[in-house]
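Q: Fold the following, please.
(3 chains)
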Amino acid sequence: MNLSFEIPGLINYWIVIIFMMIGLYIVISHGNLIKKIVGLNIFQVSVFVLYISISKIDGGSAPILDETIKSYSNPLPHVLILTAIVVGVATTSLGLALIVRIREAFGTVEEDDLLKSERLDD
Amino acid sequence: MFEFLTPHQAILIVVIPLLASPICLIVRHSGIAWLIALVASWISFAIAINLLNQVTTVGPISYLLGNWPAPWGIEYKVDTLSAFVLLFISGISSITLIFARKSVYFEIAEDRIYLFYTMFLLAFAGLLGITITGDAFNLFVFLEISSLSSYVLISLGSSRNALTAAYRYLILGTVGATFYVIGVGLLYQMTGTLNIADLADRMPELSDTKTVLISLGFITVGIGLKLGLFPLHVWLPNAYAYAPSVVTAFLAATATKVAVYVLLRVYFTIFGYQIFNKLVIDELLLVLGLIAVISMSIVAIFQTNIKKLLAYSSVAQVGYMVIGISAVTVTGLTSTILHLFNHALIKGGLFLALAAIFLRIKSVKIDDMAGLGKLMPFTMAAFLMSGLSLIGVPLTVGFISKWYLILATLEKGWWPVAIIVLIGSLLSIVYVWKVIEIAYFRPVPDKSSKIKEAPLSMLIPIWILVTANYYFGIATDYTISSALSAAKELMGVAL
Amino acid sequence: MKHFSVLRVISKLMIPVILLFALYVQFHGDFGPGGGFQAGVIFASAFILYALIFGVHYARKVIPSSATRILLSFGVILYTAVGIAGIIFGGNFLDYNVLGQNNIAGQHIGILLVELGVGITVAATMITVFFVFAGQES
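A: Below is the predicted model of the structure:
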């Protein structure tokens, strides 16, 4: 495998992997609830990039019927990702809404403090 | 009059609750919202019964959305397995909804009750959709519909810990669903299709490629998060413990079961059981299942909150289902499918009984249960009888599924596994007994002498489930034949 | 921010254009790029802009919470109703072909109504989400 040839050609997939790892790392490692949501968003974006990269054909155009256009990129993944984006927005807003309520109830959005007060309640 | 609807049952079962949910949001009246939810759920239940009958007599049903032909459009597909799962989801939901009215009045602020039913219906429609759809991406959409609404349902719990439980479930649930989408994306990259049947057709020639194996890994982890597969179960105990009682009963009985259904679908319909020769996921599942059974049962023994106790027991029970899958035989799958149904009845009964207890004593702590055997005899008897079913005493449904699981393990020659399954049952005796002992053999404390039996509108649904626990434990033909033919379909064995 | 006259005037000029553009994206969605999701978000952004400049309190008067609640359920109901209309006219769920005189007319009517439903729901949802967060007492 010739790496110098492979990496530029697969740049999209490398970006997917990098985003995915950054996102997951933030979700796992950060104690701040809002940062976790940010991480989750980065993680989801990596999937969006993955789908869009899959659908792209070299020299392919948007799916518009026209005699001059010979090859089309696959439009289906775009639609799927539109749905996934909507799901992502819903998740983010629900997550943030929960954070607002958590902040009202506990007075903090830091995981460590939350764990302490949760144990007290139990 | 409604004959023209018969060919459309496959879509109506999902659309009716989906349509009822925004109507609940508009009417904004707690009583009417409850009625709408109840009616929608019972209609879905009736359709599910009809569908299962139809599938067993005529064979699988396929429904094309918008009449677009199958690999391009979204197809809804009902085979024995999905009809069976649809049946118990809608059944449990219908029964919990009868129960819900009083319990929800007690646990949720009056001005939020209509929102509760809106979300309940959405979660219900999502679960049905996951089960019925024949399209891998549509499955993700329904997965998120049901998950998002269940996060909301959990956060409605009365304690503030419900909020953090819902938040953690949201994070892990979203990670899980996203893993599933990555897996589906990789499959789409390889096959160019999202239709489950079409994917299955193209899989044999691709099953050697790394992409397909990686996608299998992603989907396993993603769905594993949803079903509370050990060690991905960390969200589950708190989510169940702090959710409103009705929600706990509903989710414990259906949500993880649907995730197991997705796992079965992905492993055996899309990839085919031959995939386990290429990637040893079956042995991984076996080990995780065994650890789950033993460790979670032991953890359950030390819980003081009964809801948490039962939640850990749920994780252990998921272990049994996963062991059944890992056997990759018809008997193993039969035991898993049976346990899906049976565990829904068992946990439905236990959590509903617990909800009735919570209504009266306002606590689910084990020490506050003292003397309840005398104060709430019918509720406690229901708890005891469902508990016996959880242990797997003969004549109960719990016995049937464990019997099949042990048969499956012995068939494979895994007698140590059979022993561990039995040890798991012994451990479950300990934690069920803990509750029973305090409820029946401790004297009634003075402060709780005024506690009355639960109202009839709660006792009836509880006892329906308890009766079902024993009915299907004795008259086993219906469930076993359905589970067996579903297992045969999954394994590709001639019926 | 309503003390800044530049912002106030510009936003007042922009809001009708945004709304019009949203309607264009909405109803042109079956021929060109566009559709309910995008149009709904653009439509909502006009209200969000108004709320940012003039305050959530005044924006709430324009579109009270009861209106958004009903609209967001109405969109879903419209979508499902189109689907069920397909069944009633003898096709499958969401079968647009049977809705019109011929298949093409049916497809037009179907996709227009479905996207309208999506647009209404998305707009109402985005407005609700923004107002709920912005209306929080800190």
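Q: Could you give the bridge partners of the closest residue to B:I132 other than its chain neighbours?
A: Spatial nearest neighbour of B:I132, excluding adjacent residues (CB to CB, 6 or more residues apart in numbering or on different chains): B:Y76 at 5.1 Å. The C-beta positions use only the backbone N, C-alpha and C, and glycine is treated the same way. Beta-bridge partners recorded for B:Y76 (DSSP bridges): B:Y63, B:T133.
Q: check contacts around B:Y76.
A: Going by CB atoms under 8 Å, 6 or more residues apart in numbering or on different chains, B:Y76 touches B:10-11, B:14, B:62-65, B:132-134.
Q: Same check on B:M321?
A: By CB under 8 Å, 6+ apart, the residues touching B:M321 are B:260, B:289, B:336, B:339-340, B:343.
Q: who's in contact with stretch B:401-409?
A: B:320, B:323-324, B:327, B:329, B:331-332, B:334-335, B:338-339, B:342-343, B:392, B:415, B:417-418, B:421-422, B:425.
Q: Tell me the one of the contacts of B:Y76 nearest chain C?
A: For the contacts of B:Y76, the residue nearest chain C by CB to the nearest CB is B:I11; the value is 4.2 Å.
Q: Contact residues of chain C facing chain B?
A: Residues of chain C found near chain B (CB under 8 Å from any CB of the partner chain) are C:69-70, C:72-74, C:76-77, C:80, C:83-84, C:86-87, C:91-97.
Q: mind redoing it with 6 Å?
A: Selection of chain C residues close to chain B by CB under 6 Å from any CB of the partner chain yields C:70, C:73, C:76-77, C:80, C:87, C:91-95.
Q: Which of those residues fall within strands?
A: Assigned to strands by DSSP state E, none of the residues of chain C next to chain B qualify.
Q: so how many other residues sit close to A:V89?
A: A:V89 is flanked by 18 other residues according to other CB atoms under 10 Å in any protein chain shown.
Q: List phi and psi for C:G35.
A: phi 140, psi -180 (degrees, to the nearest 10).
Q: helices or strands up against the host helix or strand of B:S41?
A: Following DSSP states H and E, one finds B:S41 within helix B:30-58. Contact analysis of helix B:30-58 by 3 or more CB pairs under 6 Å, 6 or more residues apart in numbering or on different chains; DSSP states H and E lists helix B:9-27, helix B:80-107, helix B:113-132 as its packing neighbours.
Q: could you give the angle of it to helix B:80-107?
A: 170 degrees (axes from the mean of the first three to the mean of the last three CA atoms, to 10 degrees).
Q: residues from chain C in reach of chain A?
A: Neighbours of chain A within chain C, by CB under 6 Å from any CB: C:V129.
Q: Report the residue spans of chain C with pLDDT below the cut-off.
A: C:1-2, C:137-138 (pLDDT under 70).
Q: Dihedrals phi and psi, B:H339?
A: When quoted as degrees, to the nearest 10, the phi and psi of B:H339 stand at phi -70, psi -30.
Q: Check the gap between it and chain C for me.
A: Distance of B:H339 to chain C, computed by CB to the nearest CB, to the nearest Å: 33 Å.
Q: and the residue of chain B nearest chain A?
A: Residue nearest to chain A within chain B: B:R160 (3.9 Å; CB to the nearest CB).
Q: That residue: what's it in contact with?
A: Neighbour list for B:R160: A:A105 [criterion: CB atoms under 6 Å, 6 or more residues apart in numbering or on different chains].
Q: and if we set it to 7 Å?
A: Residues counted as contacts of B:R160 (CB atoms under 7 Å, 6 or more residues apart in numbering or on different chains) are A:105-106, A:121.
Q: now do B:Y470
A: B:Y470 is in contact with B:395-396, counting by CB under 7 Å, 6+ apart.
Q: what angle separates the helix or strand where it lies from helix B:80-107?
A: Counting by DSSP H and E, the element that carries B:Y470 is helix B:456-474. Angle of helix B:456-474 versus helix B:80-107, following the same axes, to 10 degrees, is 150 degrees.
Q: Out of the residues of chain C next to chain B, which is nearest to C:I111?
A: The shortest gap between C:I111 and any of these belongs to C:L94, at 10.1 Å (CB to CB).
Q: Give me the distance between stretch B:273-280 and the centre of its chain.
A: Chain-centre distance of stretch B:273-280: 26 Å, with CA atoms, centre = their mean, to the nearest Å.
Q: what does stretch A:36-48 give?
A: Put simply, stretch A:36-48 sits 3 Å off its chain's centre (CA atoms, centre = their mean).
Q: ok so, going back, would you list the buried entries among the contacts of B:Y76?
A: When the contacts of B:Y76 are checked for burial by 16 or more other CB atoms under 10 Å in any protein chain shown, the buried set is B:10-11, B:14, B:63-65, B:132-134.
Q: and the two most separated of those?
A: Maximum distance among the buried ones among the contacts of B:Y76 (CB to CB): 14.4 Å, for B:V14 and B:L64.
Q: and which of the contacts of B:Y76 is nearest B:R101?
A: Distance to B:R101, by CB to CB, is smallest for B:V14 among the contacts of B:Y76, at 24.1 Å.
Q: check contacts around that closest one.
A: Residues in contact with B:V14, defined by CB under 7 Å, 6+ apart, are B:125, B:128-129, B:132.
Q: Repeat the analysis, applying 10 Å as the threshold.
A: Each residue near B:V14 by CB atoms under 10 Å, 6 or more residues apart in numbering or on different chains is listed here: B:44, B:47, B:76, B:86, B:124-133, B:142, C:93.
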